[in-house]
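Trainee: next input, structure requested:
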Amino acid sequence: MSHGATFTIVLAKQDFKFSCAHFLVFDADQAELLHGHNYQVSVELRGQSLDGEGLLIDMARAKARIRRACGRLDNRTLVPERNRHLIVKRGQDHVEIQFRERTYRFPLADVALLDQINTSVEVLARMLWRELVDGMDEPGVEELAVSVSQTSGQSCWYRAPVVPR
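Mentor: Take a look at the predicted model:
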């Protein structure tokens, strides 16, 4: 019995990052101008028990999953398809986004269409958490936390229990 003691693995490698363009939509009348960030991602995995080899996780596999998740967003314009204030039209080779009088048109290959309501650090942290937990095969992990930092000193952690499957 561990009496509440836990192991926490922190993964915050320099290459857990993505650079992208986006704009936040605040309401039907206000949205940021299109701009970019160099986001940094950190991950914490917590659990009370180790496997037969004395490990909480397979670090190589976890790092590869984080890098894939970041790579999917890197060098893209993030578009939240579920935002009720945007009109998003997908063409054969392009995406057109309209907010009020502003219209943006991008090559489809340059865009990450997200099944999200916005592209805030809060939404991005939760989205990455869901992507990383989906298919996670680490029986000792009881909690996963994901941080997305958009500038030094400005980040969001999304933390939730990992439900065994």
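
Trainee: spatially central residue in this protein, please.
Mentor: residue 128 (2.9 Å; CA atoms, centre = their mean).

Trainee: could you look up the SS state of that residue?
Mentor: Under DSSP: H, G, I helix; E, B strand; the rest coil, residue 128 falls in the helix class.

Trainee: partners of the residue lying closest to it once chain neighbours are set aside in the sheet?
Mentor: Setting aside the residues directly before and after it, residue 128 is nearest to residue 146 in space (CB to CB, 6 or more residues apart in numbering), at 4.9 Å. Where you see a C-beta, it was placed from the backbone N, CA and C, and this is true even at glycine. Beta-bridge pairing of residue 146 under DSSP bridges involves residue 43, residue 158.

Trainee: residue 146 is in contact with residue 162, isn't it?
Mentor: No. Counting by CB atoms under 8 Å, residue 146 sits too far from residue 162 to count as a contact (11.8 Å).

Trainee: neighbour-wise, which of those two wins?
Mentor: Legend: neighbour count by other CB atoms under 10 Å for residue 146 and residue 162, higher for residue 146 (26 against 19).

Trainee: now the residue nearest to residue 157 when sequence neighbours are not counted: how far from residue 125?
Mentor: Once flanking residues are discounted, residue 157 sits nearest to residue 147: 4.7 Å by CB to CB, 6+ apart. Going from residue 147 to residue 125 by CB to CB, to the nearest Å gives 6 Å.

Trainee: spell out which residues are contacts of both of these two.
Mentor: 156, 157, 158 (CB atoms under 8 Å, 6 or more residues apart in numbering).

Trainee: can the residues you listed go into JSON lines with extra columns for distance to residue 77 and pLDDT?
Mentor: Formatted as JSON lines, the shared contacts of residue 147 and residue 125 follow (distance: CB to CB, whole Å; pLDDT from 0 to 100):
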{"residue": "156", "distance to residue 77": "20", "pLDDT": "98"}
{"residue": "157", "distance to residue 77": "25", "pLDDT": "98"}
{"residue": "158", "distance to residue 77": "23", "pLDDT": "98"}
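
Trainee: are any of these buried, and which?
Mentor: Burial by neighbour count, judged by 16 or more other CB atoms under 10 Å, picks out 156, 158 from these.
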